[in-house]
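Colleague: one predicted model, sequence on top.
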Amino acid sequence: MGWRSKNAGKNDSGRYVAPARDQHGAWNQQPDASNHCFSTRKHRIMTALLGKLRNAKPSSVAPAPDTLATAASASRSGSPSLEETHASQASPHSKTMSFAYPPGSTPLPRYTIRRGIGIGGFGEVYFAVSDAGKEVALKRIQRNLDVELRGVSHCLNLKHPNLVALYDICRDESNQAWVVMEYVAGKNLRQVLDESPNGLTEPEVRRWFTAIAAGVDHLHGAGLVHRDLKPGNVFDDLGIVKVGDYGLSKFISASHRGGHTESVGTFHYMAPEIGRGEYGREIDIYALGIVLYELQTGTVPFDGESCHEIIVKHMTASPDLSRIAEPYRTVIAKCLEKDPAKRYQRIVEMTDAIGVALPGRANAIGIQPRGSNAIEEPIQATLANAREHRATKDVADPSHAEPAVVTPTLPTHPAVPNRGPQTRHRDEPFARAVRDSLSDLERWWQSLDHSPGAKAFLMLVAVFVLIINTHWLLPLLTLIGFIYVPYYIVRQMILHVSQQPTYAQAQRLASAHAVPSRPLTRSQWRAHMRTDLRAKHTIHRAAELSTSWITAILTTLVLGIGAGVIGLRSGDVDAFTLAPYGSIMAIVMIASLAILGLGKLWERDEGESLPRRVALAGIGAGVGVTAYAVNQFLMLPLDVGLAREIDSTTLPQALYMGHEIPRASAMVAHFALLFASLRWWKPVDPLRRRRLSLWGVAVAVVVEWAIHQVLPIPQPAGMLVAGGIAIAIQLSAPWINPTRKSTVAERSKLRQPSTPGSSPASEPIGQAGGVV
Ligand SMILES: Nc1ncnc2c1ncn2[C@@H]1O[C@H](COP(=O)(O)OP(=O)(O)OP(=O)(O)O)[C@@H](O)[C@H]1O
């Protein structure tokens, strides 16, 4: 077609520059709009990113947002090709892409490349024709990625009208892997959406959504998760919507790019649990929710100017659904649940909720939804056309007929309960067993071939049998309830704790796509972590607090026993000598529990000092009353160790009996002052510098001694209490190791140019470490 001579040429880096096709799929000399059409804002982000990447002025090149990962991965893998590509694009006037293979080349036997189509995260995609004339798309897996062929036949043998057919994975002479797939001539959804910035019309939304759902449903039925659902991977092939790029992220391993945390996909469509390495099919449901949102509004629900901002929004923010009408609003809200267990577990539940039926299926209640015919019929018709069309093509090129038409060997009905390992564990097994048994019973009951009268009689007999057995059934059920309810609560707590997104996960996810990373400053790390702490679920918070309390009680016991062993090593051990240790332990325990409780409330933000000190003074007053009561109860003398440098007669009568024995008011005042003087929220802050700061313990003891000079209480008990509290709370409060802050995607700082001054050293002294 004379492409090379007329339309193409080598660019500066010696690579071949592709022409672009017009909106009808015809190829012309203009740049490929398919890879450059996207909103100005994303253009800005991407150009800024590329500008940073290349350490040069941002160019006017506008790669699709989907290629964000491309740039990142290429950069991290150190592959020169994409760098070169972008380098070649750096000129403001050059909006072309460069490909390694020119038209007419035959890197794979039997296929002749006609032109380059685009460049994605894994490599270049070409339009090629087989010797027999079959049109195919060839995806060259670049950047030294490993192609894991085990299990790939799973994908190769999938056949569904709404899936882009994968024909084969081959290797060329240089052992580079190529994916041979169906060539789709039409636009992808990304292009369609970019042309409709306010979203699509209702029938179009339904048309796209139904077909995408059908394709993904088929994948799920075959036990596969797409993992990279996004508009750029959905095509309109002469009226038939097809989902492409499935399975690739699974088979193309990223061992050269840093292990299993490596993920592909675009940030805008990524489910929060991907950061935890969870790839259940709920991630597709989540991405479908985002795509549905975008179909309606033209924008994604979670956007941001950095990958990190987007990821944190996925993990913490609620989508703004005000522009979405029902039933889509409810459906999208459910799809975008942070907890995968709360999402739809099957595509068909989602389509039922919207009121569309997957092609070839009735919805859950067994009828075609109202108004769906207008959409279904053309789809069915085009599907039939497509089958015919493919049959003709397969005849034309027998070499590909086989892989494309092999019947899937795996169960394809989505109702087959092949839930992924990620979801299975969330179903409470006993509840599931009871549910299953009840539905079995119901099915058996419905299948009973008896008259209604006979059934009513059977029902009466069953009720009678139950009633006469209530004397043992009720206690048994109550006992089961007593065991099951706490078990269920604890299980839910543990699951919530394990499912909570953490900043580390966001960071991992970010770095999976990241450009070369650089260390976070301490204050940046704290700001990000604080967002994470704010987003914590209440149950998670409660679970953490109970764990801290239990740890504080145990720590206090250990400390008390240790102090007792040291203090009584050479004396008599009896109730009188043990009582002071018991008293100290009780006070430390109560004070620690109170401080940990307040700390849990305050961990969401840095907080203001004054209100916190006032609250602590109140807690201190309570601890003072408790201390007084415990001492009275144990009949401990309150005038022990009151020796001070100052004259005891100066002590006020209101606080001290006979100017020397502390009253309850003295204890209250003393502990209120002690608690208000120290910033006790620091040692329980999960973001403190060290888990246990001995400096903080020393400061607590010294401050206690200083207060003792003004408002004396029995010593050294007072100092032991202050030190004991400082140790117990630090050891039992959760702590996030700040060494996790080592890396973060550089692009998270696109908006805030790095400030060398904002180093850890620039943080106020004592910000996170001790109690002062
Ligand atoms: N089977 C196909 N037929 C026609 N065009 C295709 C086909 N597969 C991909 N393309 C086009 O090739 C270009 C690159 O696709 P590719 O899937 O590699 O990248 P991507 O989806 O943008 O990124 P990623 O691979 O990271 O998801 C896109 O413009 C896409 O529309």
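Modeller: Now that the structure is in, tell me what you want to look at.
Colleague: could you use CA atoms for every contact and neighbour count after this?
Modeller: Will do.
Colleague: which residues of the stretch 201-350 of the chain score low on pLDDT?
Modeller: 247-265 (pLDDT under 70).
Colleague: let's see it at 90
Modeller: 219-228, 237-239, 244-267, 270, 272-281, 303-318, 322-327 (pLDDT under 90).
Colleague: just the stretch 401-550 of the chain next, same as before
Modeller: Per-residue confidence for the stretch 401-550 of the chain (pLDDT under 90) gives these ranges: 401-455, 458, 468-473, 475-476, 479-544, 546-547.
Colleague: so which residues of it form strands?
Modeller: With strands called from DSSP state E, counting those that start in this stretch, the stretch 401-550 of the chain shows none.
Colleague: kindly report the same for the stretch 601-750 of the chain.
Modeller: Applying DSSP E, counting those that start in this stretch to the stretch 601-750 of the chain gives strands spanning 656-657, 661-662.
Colleague: so for His308, which of these sits nearest?
Modeller: His308 lies closest to strand 661-662 among those, at 56.7 Å (C-alpha to C-alpha).
Colleague: that closest one: partners in the sheet, and parallel or antiparallel?
Modeller: Using DSSP bridges, the strands paired with strand 661-662 in its sheet are strand 656-657 (antiparallel).
Colleague: a markdown table for the strands of the stretch 601-750 of the chain, including mean neighbour count, mean pLDDT and distance to Leu474?
Modeller: Formatted as a markdown table, the strands of the stretch 601-750 of the chain follow (neighbours: other C-alpha atoms under 10 Å; pLDDT from 0 to 100; distance: least, C-alpha to C-alpha, whole Å):
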| stretch | mean neighbour count | mean pLDDT | distance to Leu474 |
| --- | --- | --- | --- |
| strand 656-657 | 18 | 84 | 60 |
| strand 661-662 | 24 | 86 | 57 |
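Colleague: could I get those as JSON lines with distance to the ligand?
Modeller: Converted to JSON lines, the strands of the stretch 601-750 of the chain look like this (distance: least, C-alpha to the nearest ligand atom, whole Å):
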{"stretch": "strand 656-657", "distance to the ligand": "76"}
{"stretch": "strand 661-662", "distance to the ligand": "73"}
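Colleague: include distance to Ala454 when you put these into a markdown table, please.
Modeller: Formatted as a markdown table, these follow (distance: least, C-alpha to C-alpha, whole Å):
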| stretch | distance to Ala454 |
| --- | --- |
| strand 656-657 | 87 |
| strand 661-662 | 84 |
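Colleague: please report how far the residue nearest to Leu674 when sequence neighbours are not counted lies from the ligand.
Modeller: Spatially, and ignoring its direct neighbours in sequence, Leu674 is nearest to Glu704 (6.2 Å; C-alpha to C-alpha, 6 or more residues apart in numbering). Glu704 sits 61 Å away from the ligand, taking C-alpha to the nearest ligand atom, to the nearest Å as the criterion.
Colleague: now do the contacts for Glu704.
Modeller: With C-alpha atoms under 8 Å, 6 or more residues apart in numbering as the criterion, the residues that contact Glu704 are Leu674, Gly718, Met719, Ala722.
Colleague: ok, now with 10 Å
Modeller: Contacts were defined as C-alpha atoms under 10 Å, 6 or more residues apart in numbering; by that measure Glu704 touches 670-671, 673-675, 677-678, 698, 711-713, 715, 718-723.
Colleague: who's in contact with stretch 441-448?
Modeller: Contacting residues not belonging to stretch 441-448 are listed as Arg435, Asp436, Ser437, Leu438, Ser439, Asp440, Ala454, Lys455 [C-alpha under 10 Å, 6+ apart].
Colleague: check contacts around the fifth one.
Modeller: Residues counted as contacts of Ser439 (C-alpha under 10 Å, 6+ apart) are Ala433, Trp445.
Colleague: if we use 6 Å, what do you get?
Modeller: Shown in contact with Ser439 (C-alpha atoms under 6 Å, 6 or more residues apart in numbering): no residues.
Colleague: tell me the contacts of Ile285?
Modeller: By C-alpha under 6 Å, 6+ apart, the neighbours of Ile285 are Cys335.
Colleague: count of neighbours near Val300?
Modeller: The number of residues packed around Val300, counting by other C-alpha atoms under 10 Å, is 17.
Colleague: quick check: it vs the ligand, distance?
Modeller: In this structure, Val300 and the ligand are separated by 17 Å, where distance is defined by C-alpha to the nearest ligand atom.
Colleague: can you tell me how far the residue lying closest to that residue once chain neighbours are set aside sits from Ala213?
Modeller: Nearest in space to Val300, with sequence neighbours left out and distances taken as C-alpha to C-alpha, 6+ apart, is Glu294 at 5.2 Å. Computed with C-alpha to C-alpha, to the nearest Å, the distance linking Glu294 and Ala213 is 15 Å.
Colleague: and if you look at Val710?
Modeller: For Val710, the distance to Ala213 equals 74 Å [C-alpha to C-alpha].
Colleague: domains of the protein?
Modeller: For the chain, the TED database gives the domain ranges 99-183, 186-252+263-358, 536-642+653-741.
Colleague: got those domains as TSV, with distance to Leu476 columns?
Modeller: Formatted as TSV, the domains of the chain follow (distance: least, C-alpha to C-alpha, whole Å):
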stretch	distance to Leu476
domain 99-183	49
domain 186-252+263-358	31
domain 536-642+653-741	29
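Colleague: what about the helices in the stretch 401-550 of the chain?
Modeller: Along the stretch 401-550 of the chain, the segments classed as helices by DSSP state H, counting those that start in this stretch run 421-424, 429-447, 452-468, 470-499, 503-512, 522-534, 538-567.
Colleague: noted, bye for now.
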